[in-house]
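Colleague: predicted model, plus sequence, below.
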Amino acid sequence: MRDKKRMTAADLADKEGGGYFTGLPLVNSDPDTGIGVGARVLYFHNGDKDDVMFEATPYRHRAYAQAFFTTNGYQYHTLDYDAPYLGSTPFRLRAKMIYEKNIAANYFGLGDRSLGRLSFPGSPDKFASKSDYTDALRRVQPDGTTFTRYNQYVLERPKATATLERDFFGGVVRALVGVSIAYANVEQWSGESVKGDAPGGNEVDARQAPTRLDRDCAAGLVVGCRGGIANAIKLGVAYDTRDFEPDPNSGVFVELTGELSGKYTLSDYDWARLTFSPRAYYSPFPKLTDLVVAGRLVGSVQSAGTPFFEMNELSFADYNRQGLGGLRTIRGYNQDRFVGHVAALASLEIRWTFFDFNVKKQHFGLMLAPFLDVGRVFDSLSDLELRRFRNGQGAGFRIAWNQATIIVIDYGVSREGSTLYVNFNHPF
């Protein structure tokens, strides 16, 4: 650990020794999943203050359990464990069990086809506004059908992941190997009874017209239409000089992560994904104020055999993120608005902690974070160009609770509309 970046003196003074719980009722607002309620309980153990690792680790153990339900039929339940320098060795263990069910999972098409204005077969128009598009989808057609769920399908996916990481070169280089066991159950809304708007404006029951995913499956444009097993192994290497992982003030984090799936992982699909992502954090005025400029770049490429229900993920060393679109990637757009074999993303945030205080032994920091996200997808590497990138921008209010628990309230705006997100952890 000779080269491992230490916490700043100010952050170290606020860090508590020993173990403690944090926990919140979850109240989430997201345009894709609706209003969500649930609970997350976290346990942290920071170790003793005289431990040599105390000033170089965010915690020694962290575990949390979560149950979460939303008004749009989304469920996300998880058990998660993370142990940097497990047993005072150079190894780090991360493990997670997830059950996810989404009756309104998004599918807007793949690659270059998804970059255009919103459209559907029931209207000759192209829509710039997501709200106008949603209203048009709900209209009952002359044949009695509706396109209410044209861009949605049902996804049920239990998943378990584990990664083992090891530090090298004084703690600044990290190699990892991991495994994920996952099964996806995919169902279509085509032909089902859904809610639509009659010509007079009244809500009625109507038959769902063929969805976009159903049409693309029939045309042979996507892989994985029937779901199945998508087990994978993960390999990666990272260079890390951040001073405090959950909320860095300075340093860089550069990672190259790959996932491989095939017969050797007992998967139903042969696919591969490679993601490269540098992130940087800089405090320009450390003696005047707690201001951090945070930026990242992401490039990801996936093989032709990747099932569509895996293509919306970006591989990272800590955990995979979904996109492009949504809280973790391009805020202001719907989750998974842009999905393709090649993805590019850039994000910039300015995080200003303008006030911090203590309540008994609990430390809180209040933060403002204006941001800009820019990205797009491509059909292949040969299609790379600097045109037609999509951007989302906005501002967030963040609460750092005992430094390692970051509560996020972000408001993003794009050319298709605006969205409010309430969740945990900085997007990067």
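Modeller: Cool, got the structure. Numbers count the residues shown, from 1 in each chain.
Colleague: what segments of the stretch 151-300 of the chain are helices?
Modeller: 212-218 (DSSP state H, counting those that start in this stretch).
Colleague: I meant the stretch 301-428 of the chain, not that one.
Modeller: 308-311.
Colleague: do a quick rundown of the strands in it.
Modeller: 313-314, 321-322, 342-359, 362-378, 390-401, 405-414, 417-424 (DSSP state E, counting those that start in this stretch).
Colleague: quick one: the longest one to strand 362-378, angle?
Modeller: With axes from the mean of the first three to the mean of the last three CA atoms, to 10 degrees applied, the angle from strand 342-359 to strand 362-378 works out at 170 degrees.
Colleague: would you mark the buried spots in strand 342-359?
Modeller: Buried positions in strand 342-359, judged by neighbour count with 16 or more other CB atoms under 10 Å: V342, A343, A344, L345, A346, S347, E349, I350, R351, T353. All C-beta spots, glycine's among them, are computed from the backbone N, C-alpha and C.
Colleague: try the last one
Modeller: If you call a residue buried by 16+ other CB under 10 Å, then strand 417-424 has these buried ones: G417, T419, Y421, V422, N423, F424.
Colleague: which of those residues sit farthest apart?
Modeller: Maximum pairwise distance in those, criterion CB to CB, is 23.7 Å, between G417 and F424.
Colleague: can you add mean pLDDT and distance to P307 and give the strands of the stretch 301-428 of the chain back as a markdown table?
Modeller: As requested, the strands of the stretch 301-428 of the chain are arranged in a markdown table below (pLDDT from 0 to 100; distance: least, CB to CB, whole Å):
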| stretch | mean pLDDT | distance to P307 |
| --- | --- | --- |
| strand 313-314 | 94 | 11 |
| strand 321-322 | 90 | 15 |
| strand 342-359 | 97 | 16 |
| strand 362-378 | 97 | 16 |
| strand 390-401 | 97 | 24 |
| strand 405-414 | 94 | 27 |
| strand 417-424 | 88 | 26 |
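Colleague: for G87, phi and psi?
Modeller: phi 60, psi 30 (degrees, to the nearest 10).
Colleague: can you pull the contacts of it?
Modeller: By CB atoms under 8 Å, 6 or more residues apart in numbering, G87 lies in contact with nothing.
Colleague: how far away is it from G19?
Modeller: G87 sits 17 Å away from G19, going by CB to CB, to the nearest Å.
Colleague: list the strands paired with the helix or strand hosting D80, with their directions.
Modeller: Applying DSSP states H and E as the criterion places D80 in strand 74-83. Partner strands for strand 74-83, per DSSP bridges, with pairing direction: strand 61-70 (antiparallel), strand 91-106 (antiparallel).
Colleague: now do it: everything it contacts.
Modeller: 32-34, 36, 59-69, 92-104.
Colleague: only the buried subset of those, as a PyMOL command please.
Modeller: Selecting only the buried entries of those in PyMOL, with 16+ other CB under 10 Å as the criterion:
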select buried, resi 32+33+36+59+60+61+62+64+66+68+69+92+93+94+95+96+97+98+100+101+102+103+104
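Colleague: distance-wise, check the closest residue to D318 other than its chain neighbours relative to M1.
Modeller: Spatial nearest neighbour of D318, chain neighbours left out: R94 (7.1 Å); criterion: CB to CB, 6 or more residues apart in numbering. Relative to M1, R94 is positioned 19 Å away (CB to CB).
Colleague: and P142, which of the strands of the stretch 301-428 of the chain is closest to it?
Modeller: strand 417-424 (28.3 Å).
Colleague: quick one: strands adjacent to the closest one?
Modeller: Counting by DSSP bridges, strand 417-424 is paired with strand 405-414 (antiparallel).
Colleague: angle of the partner strand against strand 390-401?
Modeller: Angle, strand 405-414 to strand 390-401, by the same axes, to 10 degrees: 160 degrees.
Colleague: alpha carbons of strand 405-414, as PDB, please.
Modeller: The C-alpha atoms that make up strand 405-414 are tabulated as PDB, following Å, rounded to 0.1, in the frame of the first residue of the first chain:
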ATOM      1  CA  THR A 405     -23.400   6.800   1.600                       C
ATOM      2  CA  ILE A 406     -24.200   9.300  -1.200                       C
ATOM      3  CA  ILE A 407     -27.900  10.200  -1.600                       C
ATOM      4  CA  VAL A 408     -28.500  11.600  -5.100                       C
ATOM      5  CA  ILE A 409     -31.300  13.800  -6.300                       C
ATOM      6  CA  ASP A 410     -30.600  14.800 -10.000                       C
ATOM      7  CA  TYR A 411     -32.700  16.700 -12.500                       C
ATOM      8  CA  GLY A 412     -31.800  16.100 -16.100                       C
ATOM      9  CA  VAL A 413     -33.000  17.800 -19.300                       C
ATOM     10  CA  SER A 414     -32.600  16.500 -22.900                       C
END
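Colleague: off-centre distance for it?
Modeller: Taking CA atoms, centre = their mean, to the nearest Å, one finds strand 405-414 lying 12 Å from the centre of the chain it belongs to.
Colleague: quick one: buried residues of it?
Modeller: Buried-residue list, strand 405-414, by 16+ other CB under 10 Å: T405, I406, I407, V408, D410, Y411, G412, V413, S414.
Colleague: now swap in stretch 273-290 and tell me
Modeller: R273, L274, T275, S277, R279, A280, Y281, S283, D290.
Colleague: now render the residues you listed as a markdown table, adding pLDDT and distance to T145.
Modeller: Below are these laid out as a markdown table (pLDDT from 0 to 100; distance: CB to CB, whole Å):
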| residue | pLDDT | distance to T145 |
| --- | --- | --- |
| R273 | 98 | 37 |
| L274 | 98 | 41 |
| T275 | 97 | 40 |
| S277 | 98 | 43 |
| R279 | 98 | 46 |
| A280 | 98 | 51 |
| Y281 | 98 | 51 |
| S283 | 97 | 57 |
| D290 | 96 | 56 |
